[in-house]
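[1] Below: sequence and its predicted model.
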Number of protein chains: 2
Amino acid sequence: MRDVAGVAGVSLSTVSRVITGSVPVKPELAQRVRDAVELLGYRPDATASSLRRADRVSLTIGLVFEDVANAFFQAVYRSVEDVARTRGVLTIVGSSDEDPDRERELTQAFLGRRVDGLVIAPAGRDQSYLTRDREAGVALVFVDRPPGFIDADVVMSDNAGGARDGVAHLLAAGHRRIAFLGDAESTFTARERLAGYRAALAEAGVPHDPALVRMGVRHPAEAGDAAAAMLAGTAPPTAFFTARNTITVGVVYRLRSLGLQRSIALMGFDDLELADLVEPGISVVAQDPSGMGTVAANRLFDRIDGAAGAYDRIILPTRIVPRGSGEISPAPG
Amino acid sequence: MRDVAGVAGVSLSTVSRVITGSVPVKPELAQRVRDAVELLGYRPDATASSLRRADRVSLTIGLVFEDVANAFFQAVYRSVEDVARTRGVLTIVGSSDEDPDRERELTQAFLGRRVDGLVIAPAGRDQSYLTRDREAGVALVFVDRPPGFIDADVVMSDNAGGARDGVAHLLAAGHRRIAFLGDAESTFTARERLAGYRAALAEAGVPHDPALVRMGVRHPAEAGDAAAAMLAGTAPPTAFFTARNTITVGVVYRLRSLGLQRSIALMGFDDLELADLVEPGISVVAQDPSGMGTVAANRLFDRIDGAAGAYDRIILPTRIVPRGSGEISPAPG
DNA sequence: CTGAAAGCGCTTACAG
DNA sequence: CTGAAAGCGCTTACAG
């Protein structure tokens, strides 16, 4: 910047004014500055700029997800990025891999870069470590799951309601022995979906069989093994409710290798690509990740812009997508 | 930081030394500093730090992709992030949406944040605008496609070779009328894959029919329409080579709605999730996006660490994954 | 081992 | 409308 000022024959202040466009500058001088910028290939240093600005805004936000490689979070990310882009704000992302320490580490790293706000899908159960930062002006929005020990805006799917609807869908097809395969019980969404499953059974007056519930399942292979074990039991299920997309994939593969994909019903939580090309098509309870991202981003920028007011818990509805696997009736007998 | 120094009763220099761990500090003072940090909830400002450091390192790298939501780039991203993480480096990403202006805009934004390096899947044909920045010390690695008007490290798939192998696979099944559906000709990968297609036909002595080649196809719907139009023609193809994952998806849907998925062969470039659950399974020429990300990240950090030497063009091999659709023989006649 | 001072690249009152 | 000076939160020679 000093070089630019030298070449253009003006003061640093003037260069700054031309670049930020904050204050009118005589056209002739402005042109000289622009020529010098061009000539020298000068790039303004955004970090130095934010250091001195009165508002201390960095025009950067951070996203902490479970796994950027998961299609669900990817869709959330993309819609947040789209909103951020319209405001000239850059987005930093990271994957916590469901590890609370990693979540905190990433968050600190983002905070160290002085992000204006954070969108977090919490891995740990305690986010009180962010209290100080919020007081310092960092905006906070949680997605997919609520935070612990800190009150904040959160936008998530209707996990319990969606699972209840999905299980009710299987009950309507005549199933009474419906298995539930879910993620670790320490995960909020897994608990909620399990609650929805139980609610649906209770409403239908179907007794709850603990042998048909398996938690702590995560990767496709584990899910497949868990499903196979249940099917080999003495009172096997006639339908599966898989509470997470990776679990759904595992069970679909396994049913297929057992040749049972047309006789055992399956309903998954969260949608999958190509789910309608498989035979039978995979019926799911679909979430709205893009909607989640958009809502979260808008709320975040409202807070960054200084919106006060109580924190909201925004629940996004889910939607049943029947494609075949969830409409299979139980074998007679 | 000043507050920390005040509370701990030491100088700013000492606080800095404790935090960076650059120079030994008497344990007792160090402890006082750590207590003050804890008490005040102090977060070191990484941007201010990098501003003053001798090496001016920001511990941040930027990735410019076509679309973060594409499974291919997602895998590249994830493996770059994994490498960066081991070095305590943060990763910023953005989608160019195949728009050269957007590519440049994003790149400038990253450079303005003083990233240490950039991994770019170029959208435009001219990246010479980065020459100055590289001279200024920014490391540059291109992925998926080579840059234009600037020499740099690039890591990409063997596009031509992979397409040639894929088409040869269809030829081996007996096909002579093989259609090619590709992205805009302005895209490097599309041109290379087309060249591979032509090479395979030439090697087999099969005449090249321009009516069987359609470029500029991108989204699933367009791809489906293009395929349907060819099939309705006077001399329809007996097989399709789809040069991009979104195109493959579109053609699979269309063949299925036409009831032709078991009579028309299909081979796609780039793999798809659940491709083996569809019937018939979707045969593809698979790339290695994780490998691409790892290789690119390692090269980038080598350059950031000051590695000199000529720029490399690293070509990653592709691999044929037969799953059914590519092994369908042409109908007799 | 520790502190006082200078300065990284910028923005912002303050004068003019 | 423009320039000289101060200062954002840090690190780094320089003395001691």
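    Looks like it came in fine.
[2] Tell me where chain A is predicted with low confidence.
    By pLDDT under 70, the weakly predicted segments of chain A are A:333.
[3] Quickly list what A:Leu140 is bridged to.
    Following DSSP bridges, A:Leu140 is listed with bridge partners A:Leu118.
[4] my guess is it meets A:Ala152, correct?
    Yes - the pair A:Leu140 / A:Ala152 is scored as a contact, 4.8 Å apart, by C-beta atoms under 8 Å. For the C-beta atoms, the positions are set from N, CA and C on the backbone; glycine is no exception.
[5] Quick one: neighbours of the residue of the stretch 101-250 of chain A found nearest DNA strand C, just the number.
    Relative to DNA strand C, the nearest point of the stretch 101-250 of chain A is A:Arg114 (12.6 Å; C-beta to the nearest atom of the strand). Number of residues near A:Arg114 (other C-beta atoms under 10 Å in any protein chain shown) recorded here: 21.
[6] List the residues that are in contact with both of A:Leu140 and A:Ala152.
    Shared contacts of A:Leu140 and A:Ala152 (C-beta atoms under 8 Å, 6 or more residues apart in numbering or on different chains): A:Arg134.
[7] Would stretch A:81-88 count as contacting chain B?
    Yes - under the criterion of C-beta under 8 Å from any C-beta of the partner chain, stretch A:81-88 makes contact with chain B via A:Glu81, A:Gly88.
[8] Check what contacts that stretch and list those residues.
    Against stretch A:81-88 from outside (C-beta under 8 Å, 6+ apart): A:59, A:61, A:90-91, A:293-294, A:297-298, A:301, B:68, B:94-95, B:109.
[9] What are the contacting residues of stretch A:94-107?
    With C-beta under 8 Å, 6+ apart, stretch A:94-107 has contacts from A:62-69, A:109-110, A:118, A:120-126, A:129-130, A:187, B:78, B:81, B:90-91.
[10] which residues in the stretch 151-300 of chain A form strands?
    A:153-157, A:178-181, A:213-214, A:239-242, A:265-269, A:283-286 (DSSP state E, counting those that start in this stretch).
[11] Pairing partners for the third one, with directions?
    For strand A:213-214, sheet partners with direction are given as strand A:178-181 (parallel), following DSSP bridges.
[12] and what of the fourth one?
    Strand A:239-242 has these partner strands in its sheet, going by DSSP bridges: strand A:178-181 (parallel), strand A:265-269 (parallel).
[13] Return the most buried member of these.
    Stretch with highest mean neighbour count among those: strand A:265-269 (a mean of 28; mean count of other C-beta atoms under 10 Å in any protein chain shown).
[14] what's in contact with that strand?
    Against strand A:265-269 from outside (C-beta under 8 Å, 6+ apart): A:159, A:162-163, A:166-167, A:169-170, A:173, A:175, A:193, A:238-245, A:247-248, A:251-252, A:255, A:282-285, A:287, A:325-330.
[15] and whichever residue of the stretch 51-200 of chain A sits closest to DNA strand D, how far is that from B:Gly306?
    Going by C-beta to the nearest atom of the strand, DNA strand D is nearest to A:Arg52 of the stretch 51-200 of chain A, at 3.3 Å. Taken as C-beta to C-beta, to the nearest Å, the spacing of A:Arg52 relative to B:Gly306 amounts to 31 Å.
[16] What residues of stretch A:121-134 count as buried?
    A:Ala121, A:Pro122, A:Ala123, A:Gly124, A:Gln127, A:Tyr129, A:Leu130, A:Asp133, A:Arg134 (16 or more other C-beta atoms under 10 Å in any protein chain shown).
[17] which bits of the stretch 151-300 of chain A sit near chain B?
    A:Val249, A:Val252, A:Tyr253, A:Arg256, A:Leu272, A:Glu273, A:Leu274, A:Ala275, A:Leu277, A:Val278, A:Glu279.
[18] residues near the fifth one, how many?
    Right, A:Leu272. A:Leu272: 20 neighbours (other C-beta under 10 Å).
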